[in-house]
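>>> I'd like to go over a predicted model; first the sequence, then the structure.
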2 protein chains.
Amino acid sequence: MEASGYTDHISRRFNKDIEELRNKVLAMGGLVEAQLSKAVSAIVSGDSELGLKVANDDYRVNNLEVSIDEECGRILATRSPAASDLRLIVAIIKTITDLERIGDEAEKIGYLAAKLAVMDRPPDSYSELKTLGNHVSHMLRDAMNAFARLDINDAYDVAAEDDRVDEEYEALTRQCITFMMEDPRSIKRVMNVTWVARSLERIGDHAKNICEYVIYMVQGKDVRHTAYSESSDLSPDAD
Amino acid sequence: MEASGYTDHISRRFNKDIEELRNKVLAMGGLVEAQLSKAVSAIVSGDSELGLKVANDDYRVNNLEVSIDEECGRILATRSPAASDLRLIVAIIKTITDLERIGDEAEKIGYLAAKLAVMDRPPDSYSELKTLGNHVSHMLRDAMNAFARLDINDAYDVAAEDDRVDEEYEALTRQCITFMMEDPRSIKRVMNVTWVARSLERIGDHAKNICEYVIYMVQGKDVRHTAYSESSDLSPDAD
């Protein structure tokens, strides 16, 4: 009974560690979501101060990444987790890398917002960037929800959404090129708009990556490099 | 003696597994280097067929990533490596993600090469893209050499090189903007040039990431999010 009590204790400690780790990842996701949302607001409202604040706050995202990464290393080294726990740790190591890179893109958008704030403003206040920004914000939130609930149906849906983000990004870029050709004096300003759009498109990619780690975590299947339309046999809804 | 022979056997098997894993990562690095170098050649020589070949061959990089990733998972699950072996596996999991993303950028450059091949060609045959391409190719090769030899002095040097790549990228982008303003008919073509430059700049970032994993592997120190100029106390040459 002593030994089993001891194992129980170890296992409870382990579950507590894992739970704390998951919560930390969710907190990091929340922080990154807030950074992205502020960066897009800074563009739309022409608020250079807010843009610079987002850029200056990126260190908070970085600190969380390093701290979670160390915690994962500690758990791997001291607890040698197996099977689904191991997949969870590996998925977390990858997820926080993508969250950190989303933070980097939000930082870039923050700097670009500060640049755009002092340039001519278009009458529509960058409504297409706002639309694209809201779209990828939703993708990111849904990806983190799928992570929180280990919901692979949602993970598949969010990952598939990335194609729509790519289409929106391409339409926006074509529009920028037309605009620059019609009014070459706008080139410097509009180039900044294309870079914001590119950063948002990247954030969509990272959100999709996170969904793929959720699927790997739950199913133990690697669905990266698979076209979702072709992989219906991998989908939990298939057959 | 039986038990010790058994441990010896396990440990030899383990070392062989680790050695094979390292070789696979180096092979993946070699493939990615070749993809990058072909993609840049396709731009410079206006060879659309070569550009499309690079894009179509990206699946080979992806397959290697999935296979190495599975191997890492297997080793973590069955051998519960500790300390430096564990850091090696974690560093490999991260390194192959960056190599795979470099492959994605090479794929994009391949497609852009095919687009640029059918457009007007500038008299200098995109010599600045060639220079930037060679620069990041060297960074990648040096990063993989630092990985192969676990050489942190080289890893620090290569990581610091990324600042020069960023400067080159920014100069090239400014030049593109000037060019588009002087000749708005060139906008469509020159936008493709800026996207190639952006992809090359990203590859520099990924090579830098790989160097940081090498430092983490050897020193057990996380140097990400550290300015190299400010972190001389982390450098092995310091004091």
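It's in.
>>> which residues of chain A score low on pLDDT?
A:1-7, A:221-224, A:227-239 (pLDDT under 70).
>>> in it, what residue spans correspond to strands?
Here chain A has no strands by DSSP state E.
>>> contact residues of it facing chain B?
Listed as neighbours of chain B in chain A under the rule CB under 8 Å from any CB of the partner chain: A:59, A:62-63, A:65-66, A:69-70, A:72-73, A:76-77, A:80, A:82-83, A:86-87, A:90, A:93-94, A:97, A:173, A:177, A:180-181, A:184-185, A:187-188, A:191, A:194, A:198, A:222, A:224-225. All C-beta atoms are positioned from the backbone trio N, CA, C, and that covers glycine.
>>> for residue A:38, which non-adjacent residue is spatially closest?
residue A:54 (5.0 Å; CB to CB, 6 or more residues apart in numbering or on different chains).
>>> re the thing from before, and the residues of chain A next to chain B, which are buried?
For the residues of chain A next to chain B, a burial check counting by 16 or more other CB atoms under 10 Å in any protein chain shown picks out A:62, A:65-66, A:69, A:72-73, A:76-77, A:80, A:86-87, A:90, A:93-94, A:97, A:173, A:180-181, A:184, A:187-188, A:191, A:194, A:198, A:222, A:224.
>>> contacts only, for the spatially closest residue to residue A:217 that is not a sequence neighbour.
Spatial nearest neighbour of residue A:217, chain neighbours left out: residue A:91 (4.3 Å); criterion: CB to CB, 6+ apart. Shown in contact with residue A:91 (CB atoms under 8 Å, 6 or more residues apart in numbering or on different chains): A:213, A:214, A:216, A:217.
>>> at the geometric centre of chain A, which residue sits there?
residue A:207 (4.1 Å; CA atoms, centre = their mean).
>>> which parts of chain A are helices?
Along chain A, the segments classed as helices by DSSP state H run A:2-45, A:48-56, A:58-79, A:83-117, A:127-149, A:152-182, A:187-219.
>>> dump those into JSON lines; add distance to residue B:126 as well.
What follows is these, written out as JSON lines (distance: least, CB to CB, whole Å):
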{"stretch": "helix A:2-45", "distance to residue B:126": "32"}
{"stretch": "helix A:48-56", "distance to residue B:126": "32"}
{"stretch": "helix A:58-79", "distance to residue B:126": "33"}
{"stretch": "helix A:83-117", "distance to residue B:126": "25"}
{"stretch": "helix A:127-149", "distance to residue B:126": "30"}
{"stretch": "helix A:152-182", "distance to residue B:126": "19"}
{"stretch": "helix A:187-219", "distance to residue B:126": "19"}
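>>> those helices: which one's closest to residue B:150?
Among the helices of chain A, the nearest to residue B:150 by CB to CB is helix A:58-79 (17.9 Å).
>>> so what touches the closest one?
Residues outside helix A:58-79 that contact it (CB under 8 Å, 6+ apart) are A:14, A:17-18, A:20-21, A:24-25, A:27-28, A:31-32, A:35, A:81, A:86, A:89, A:92-93, A:96-97, A:99-100, A:103-104, A:106-107, A:110, B:76, B:82-83, B:86-87, B:90, B:222, B:224-225.
>>> what about 6 Å?
By CB atoms under 6 Å, 6 or more residues apart in numbering or on different chains, the list of residues contacting helix A:58-79 from outside reads A:14, A:17, A:21, A:24, A:28, A:31-32, A:89, A:92-93, A:96, A:100, A:103, A:107, B:82, B:86, B:222, B:225.
>>> and residue A:91, how far is that from chain B?
Noted for residue A:91: a distance of 11 Å to chain B, by CB to the nearest CB, to the nearest Å.
>>> ignore the last one, residue A:139
Distance, residue A:139 to chain B, by CB to the nearest CB: 19 Å.
>>> in contact with that residue, which residues?
Counting by CB under 6 Å, 6+ apart, residue A:139 has contacts A:158, A:161, A:204, A:207.
>>> nearest to chain B among the residues you listed?
Within these, the smallest distance to chain B is 14.0 Å, found for residue A:204 (CB to the nearest CB).
>>> any idea how many residues pack against the closest one?
25 (other CB atoms under 10 Å in any protein chain shown).
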